[in-house]
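[1] let's see this in three dimensions:
(one chain, ligands or ions: 1)
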Amino acid sequence: MTAAIPTHGGNLRWAAAIAQCAPDEILDFSASINPLGPPQSVLDALRNAIESQQALTAYPDPSYRRLREVIAQHHNIDPDWIFPGNGAAELFTWIARDCSDLATVYLPVPAFADYERALKALNIPITTIPLSLEPDNFDLPWARSPQPHSALLLNNPHNPTGRLWSADAIRGQLAETAEALDLVAIDEAFIDFLPPDQQQSLIDQVAEYPSLVIVRSLTKFYSIPGLRLGYAIAHPDRLKRWQQWRDPWCVNALAEVAGIAALGDRDFARQTWQWLPTARGQLQDGISKLPGMTVYPGAANYLLVKSAMAAEIQQTLLMGDRIAIRNCSTFPELGDNYFRIAVRTLSENQRLIHALQ
Ligand SMILES: Cc1ncc(COP(=O)(O)O)c(C=O)c1O
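    Next up, the predicted model:
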């Protein structure tokens with residue numbers, strides 16, 4: 001019997017059991033991880049840290065001062081506004097905890113499953129805002145007349161549709177609803193994949209709105225999901241509260257070393273910005289030519305595809321080609337009519353297009 005479809009992409013054990021091969025023989029399009037990484041600078045920094053044993057034999061600095069300084073410099077803000085997390089995923093727990101006395105949390109759906117995990121763990125009422133699933137509809141999903149003392153959690157660029165809403169549109173809604181929304185969290189886990197002049201980040205608004213929390217991840221862009229590293233940018237009072245709630249040393253010392261090296265590697269970032277538009281265009285063109293498949297115009301390093309029988313396609317690709325894609329049936333709003341694929345190298349993308357044919 002096949003185990004239940006996982007709620008996150010990148011579950012290679014599950015995929016390998018179906019494909020009847022070793023996990024490292026799977027070509028993984030199911031998790032949206034940068035195929036150019038991890039950067040050599042990160043591997044070198046990790047090797048040095050292990051060889052000198054410095055990251056193994058000592059506890060991490062509980063205040064993560066050096067890492068916070070590097071992140072702060074990267075965004076040109078004060079280190080007191082930075083909170084490193086054990087992946088972005090940990091940070092949703094503290095966002096949820098901050099929502100525990102609020103009337104409701106508005107959540108545009110479909111949504112990354114971890115938001116619901118964090119909110120449900122604390123029995124927080126969720127009010128969903130259905131996104132239009134028309135491929136060319138870019139309306140911003142927002143609570144237009146929010147209940148007093150409520151919150152909203154937006155993901156930009158959005159997983160799984162790949163939509164990118166403009167910072168101007170978000171800023172406008174933020175100002176209009178500031179009185180009612182005690183907390184607005186914007187998950188920008190995939191925003192690094194856009195070059196700086198195209199990013200629609202709200203980081204420059206955190207000083208203006210104490211209600212605003214920005215969540216970022218290093219795991220996707222720098223290909224280190226196994227190490228776990230993300231951060232929040234928010235008002236220092238909020239972050240001091242979170243620090244009192246969490247376990248000590250949540251971010252391990254190797255992740256800290258990797259993060260510092262990664263953020264210093266501007267060449268790797270430039271290479272990624274060069275690779276992505278061409279590789280994504282190739283996938284988009286190749287798949288949209290296949291009968292019965294509609295590709296959403298995604299801004300990040302993955303594409304949502306509308307297609308009947310996504311579960312069968314997933315199984316066939318695994319068993320016949322050892323290729324994993326993300327069947328979107330675990331997003332309740334999408335059902336069995338969608339799958340999501342990561343953008344990979346040109347030759348790997350070609351393998352997927354060929355297999356889908
Ligand atoms: C939208 C979104 N946010 C956050 C995360 C979690 O990122 P991390 O690996 O940093 O916990 C994911 C992971 O897939 C995601 O899709």
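[2] so what's the residue count around the one residue in the stretch 51-200 of the chain that gets nearest to the ligand?
    When you check the stretch 51-200 of the chain against the ligand by CB to the nearest ligand atom, the closest residue turns out to be Gly87, at 2.7 Å. From N, CA and C alone the C-beta is placed, and that goes for glycine too. Neighbours of Gly87 under the rule other CB atoms under 10 Å: 22.
[3] now the one 5 residues further on
    Using other CB under 10 Å, Phe92 has 25 other residues around it.
[4] equivalent analysis for Ala55, please.
    A total of 20 residues lie near Ala55 under the criterion other CB under 10 Å.
[5] you'd agree it is up against Trp249?
    No: using CB atoms under 8 Å, Ala55 is not in contact with Trp249; the gap is 12.0 Å.
[6] specify the beta-bridge partners of Asn155.
    Bridge pairing for Asn155 (DSSP bridges) gives the partners Asp187.
[7] check contacts around it.
    For Asn155, the contacting residues are Pro108, Ala111, Phe112, Ile186, Asp187, Ala189, by CB atoms under 8 Å, 6 or more residues apart in numbering.
[8] ok, and which of the residues you listed reach the ligand?
    For the ligand, the contacts drawn from those by CB under 6 Å from any ligand atom are Phe112, Asp187, Ala189.
[9] quick check: the first one vs Gly172, distance?
    Right, the one you point to is Phe112. 24 Å (CB to CB, to the nearest Å).
[10] more neighbours: those two, which one.
    Set side by side, Phe112 and Gly172 show unequal neighbour counts under other CB under 10 Å, the larger going to Phe112 at 21 against 13.
[11] from Val70, how far out is that one?
    The gap separating Phe112 from Val70 is 26 Å, by CB to CB.
[12] and Pro62, by the same measure?
    In this structure, Pro62 and Val70 are 17 Å apart, going by CB to CB.
[13] buried set for stretch 34-50?
    Using 16 or more other CB atoms under 10 Å as the test for burial, stretch 34-50 gives Asn34, Pro35, Leu36, Gly37, Pro38, Pro39, Ser41, Val42, Ala45, Leu46, Ala49.
[14] what does stretch 246-255 give?
    Arg246, Cys250, Val251, Asn252, Ala253, Leu254, Ala255.
[15] so for the residue most central in space within the chain, what's the nearest residue that isn't a sequence neighbour?
    Nearest residue to the geometric centre of the chain (CA atoms, centre = their mean): Ala189, 3.7 Å. For Ala189, the nearest residue in space outside its immediate sequence neighbours is Ser217; the separation is 4.0 Å by CB to CB, 6 or more residues apart in numbering.
[16] who has more neighbours out of Pro62 and Val70?
    Neighbour count, other CB under 10 Å: between Pro62 and Val70, Val70 has more, with 19 against 11.
[17] thanks a lot, catch you later.
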